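[1] Only the shape, not the letters, is given here:
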């Protein structure tokens, strides 16, 4: 079919141009056709497509076309003017038999920085649409890209699965709007209802309609899931990636062929990658990812690629509190601060109880609340008595309470991870006190942003489905409680909840954990956690609590800590092997920092 497109290109370029808002498709009901197949002007018929002109039971008029064989059916081509951002509507009446699937495809010309080229299969406008033995009208609207230029526009019709018999009638191509009359992007009906006011310094935009991040088929195994973020946030000049094995819950991603359809970026073997340009700022692009095996489409999903615009005010104060586990110690808070300051956010200040080295932060220090081994519940409950905590933070009254309770032989510890920063003692018992924490880190005020990065420790130890259910349920219960408390006591903060990182290869897990946990099991665990935390954030339906996706962006092959090790003890050959299952190297930390930075930039847009 690709050869057909190319052969048509030259002929169409010399046909008279037609304004994009005056598209007319002649003979859309095939009334001029006869048994000799004398096609009207602009219709192209693939020679090996064995079509029949029938006159009984047409959807419109007398004639319709039947295609019992082959993949490509026929195409219509014309030359158009002013196609940039035009909204084109294509439709057809179809019916069929034998499990036939129907497809329509658009092709048009765009001008890039270096060349003029056709956008081929960029818009699979309708694909694998199931047909029945009754006529049905299939309609789809497509907005052409801003780079679209005067030249050929084609629409083609297919038996997209090469199966069964397809009947086609009443085809049409028309323009809903042109560049001169732009149509706004669709907004869900619910968006017309006023959104409750949110006390937050970060502006909350109306959400676009949700995309189906997982579309299952009859070939989808019960345990296979796709976990594309609903939105992938990007920033001009920063590379963004979707690593395929990070978003599919499968034991072997190499068992599938992967197709990515997106008007921007490049599709490589293990990832989709794109670096937006400054002129892309404020734009949104749809991406579809499909997993295929020898029997057909197994599972697919969609996401929205959003490019942040320049902020309204770079100089306003931005304070960010990070709550999380040891992954926060993998240099991406430092990278995030560096990027924010270089981008002109001169009043960006990370706030927290400690520095990465465990000291009380001073002015200008990198500060956060990163506690190795912590899960959601630890921030609510962890309190281990000790008589010596970092910098003497444990006061005399606290010691007296323990003595009064008869607590003796209390261990000495300088480890701040002995207790949650959100707890204090009251009558000898730890109680949650978020106002105390806010007073310590930000003079009692809500920081502009709070980001919570947890999940890995919540589900790490699960090795059976039953245990995983228990751990995930406990994590969601604790997450719901902590987020409610943060929302209550920091009403002006925008709260971001990150997804969990998938970890590296089995080499890293074997090096760290022997046979106690495997890369495969942990990936299943964290993917399940990611599905549930995504669901929880949606259920909360709070415009001041958002998901911050980071699981898709990190290279699990090259962005984890490695050492050169012998392949075995009898060999003189050494090679780099993973030696840390969960903690990324410096470059991996930068990838995560970039994803969080892109989300912050989205929230700081005017």
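    Yep, it's here. Bear in mind that the values here come from a model prediction, so they are computed numbers and not experimental data. Numbers count the residues shown, from 1 in each chain.
[2] Would you mark the buried spots in the helix or strand where residue 577 lies?
    Here residue 577, judged by DSSP states H and E, is contained in strand 574-578. By 16 or more other Cβ atoms under 10 Å, the buried positions in strand 574-578 come out as 577, 578. (C-beta placed from N, C-alpha, C; glycine too.)
[3] after it, next one along is what?
    helix 586-603.
[4] residues in contact with the host helix or strand of residue 450?
    Residue 450 belongs to strand 449-453 when assigned by DSSP H and E. Strand 449-453 has contacts (Cβ atoms under 8 Å, 6 or more residues apart in numbering) with 202, 318-325, 327-328, 482-483, 486, 490, 493-498, 548, 550, 596, 600, 603.
[5] In strands, which of those fall?
    If you go by DSSP state E, these have 318-324, 494-498, 548 in strands.
[6] Among these, which one lies nearest to residue 477?
    The closest of the ones in strands among the contacts of strand 449-453 to residue 477 turns out to be residue 497 (Cβ to Cβ; 14.7 Å).
[7] for the closest one, what are its contacts?
    With contact set as Cβ under 8 Å, 6+ apart, residue 497 has these partners: 451, 452, 479, 483, 533, 537, 545, 546, 547, 548.
[8] Residue 320 against residue 347, yeah?
    No - counting by Cβ atoms under 8 Å, residue 320 stays clear of residue 347, with 11.5 Å between them.
[9] Those two: who's more crowded?
    With neighbours defined as other Cβ atoms under 10 Å, residue 320 and residue 347 compare such that residue 320 has more, 25 against 13.
[10] Quick check: bridge partners of the residue lying closest to the more buried one once chain neighbours are set aside?
    Nearest residue to residue 320, sequence neighbours excluded (Cβ to Cβ, 6 or more residues apart in numbering): residue 449, at 4.6 Å. Beta bridges link residue 449 to residue 320, residue 494 when assigned by DSSP bridges.
[11] Any idea how many residues pack against residue 449?
    Neighbourhood size, residue 449 [other Cβ under 10 Å]: 26.
[12] could you check the angle strand 318-324 makes with whatever helix or strand residue 437 lives in?
    Residue 437 belongs to helix 434-442 when elements are defined using DSSP H and E. If you take axes from the mean of the first three to the mean of the last three Cα atoms, to 10 degrees, helix 434-442 sits at 120 degrees to strand 318-324.
[13] Residues contacting helix 434-442, please?
    Outside helix 434-442, the residues that touch it by Cβ under 8 Å, 6+ apart are 319, 321, 351-353, 367, 369, 421-422, 424, 444-447, 485-486, 488-490.
[14] And for stretch 527-547?
    With contact meaning Cβ under 8 Å, 6+ apart, stretch 527-547 is reached by 195-196, 198-200, 204, 225, 227, 229-230, 249, 455, 458-459, 468, 472, 475-476, 479-480, 483, 487, 491, 493-500, 502, 551, 599, 603.
[15] Quick check: buried residues in stretch 506-524?
    For stretch 506-524, a neighbour-count test (16+ other Cβ under 10 Å) marks 507, 508, 509, 510, 511, 512, 517, 519, 521, 522, 523, 524 as buried.
[16] how about these in CSV, adding secondary structure and pLDDT?
    Below are the buried residues of stretch 506-524 laid out as CSV (DSSP: H, G, I helix; E, B strand; the rest coil; pLDDT from 0 to 100):
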residue, secondary structure, pLDDT
507, helix, 95
508, helix, 94
509, helix, 94
510, helix, 94
511, helix, 92
512, helix, 92
517, coil, 93
519, helix, 95
521, helix, 95
522, helix, 95
523, helix, 95
524, helix, 94
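[17] hmm, which two among these are most spread apart?
    Spatial extent of the buried residues of stretch 506-524 (Cβ to Cβ) is set by the pair 511 and 524 at 20.1 Å.
[18] Do a quick rundown of the helices in this protein.
    In the chain, the segments counted as helices under DSSP state H are 2-13, 332-342, 376-381, 396-404, 434-442, 456-459, 465-489, 506-513, 519-540, 586-603.
[19] so can I have JSON lines of those helices showing distance to residue 289?
    As requested, the helices of the chain are exported to JSON lines (distance: least, Cβ to Cβ, whole Å):
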{"stretch": "helix 2-13", "distance to residue 289": "22"}
{"stretch": "helix 332-342", "distance to residue 289": "25"}
{"stretch": "helix 376-381", "distance to residue 289": "30"}
{"stretch": "helix 396-404", "distance to residue 289": "53"}
{"stretch": "helix 434-442", "distance to residue 289": "39"}
{"stretch": "helix 456-459", "distance to residue 289": "24"}
{"stretch": "helix 465-489", "distance to residue 289": "25"}
{"stretch": "helix 506-513", "distance to residue 289": "25"}
{"stretch": "helix 519-540", "distance to residue 289": "15"}
{"stretch": "helix 586-603", "distance to residue 289": "18"}
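[20] among these, which is nearest residue 239?
    If you check each of these against residue 239 by Cβ to Cβ, helix 586-603 wins as the nearest, at 7.6 Å.
[21] tilt between the closest one and helix 332-342?
    Using the same axes, to 10 degrees: helix 586-603 against helix 332-342 is 50 degrees.
[22] Use 193 as the first number for this chain going forward.
    Sure, I'll start counting at 193 from here, so that last one is helix 778-795.
[23] Would you mind checking the average pLDDT for helix 778-795?
    Helix 778-795 carries an average pLDDT of 95.
[24] In that helix, which residues are buried?
    Of all the residues in helix 778-795, those buried under the rule 16+ other Cβ under 10 Å are 780-795.
[25] dump the residue contacts of the nearest residue to residue 650 once chain neighbours are set aside.
    The shortest distance from residue 650 to any non-neighbouring residue, by Cβ to Cβ, 6+ apart, is to residue 667 (3.8 Å). Shown in contact with residue 667 (Cβ under 8 Å, 6+ apart): 567, 568, 569, 646, 647, 650, 651, 721, 724, 725.
[26] Out of these, which comes closest to residue 609?
    Distances from residue 609 to those, taken by Cβ to Cβ, are shortest for residue 567, at 12.2 Å.
[27] So residue 631 versus residue 616, what's the distance?
    Using Cβ to Cβ, to the nearest Å, residue 631 is found at 11 Å from residue 616.
[28] More neighbours: which of those two?
    Counting neighbours by other Cβ under 10 Å for residue 631 and for residue 616 shows that residue 616 has the greater number, 16 against 12.
[29] Now for the closest residue to the more buried one other than its chain neighbours, how many residues are close by?
    Among residues not flanking residue 616 along the chain, residue 625 sits closest, at 4.8 Å (Cβ to Cβ, 6+ apart). Residues lying near residue 625 (other Cβ under 10 Å) number 17.
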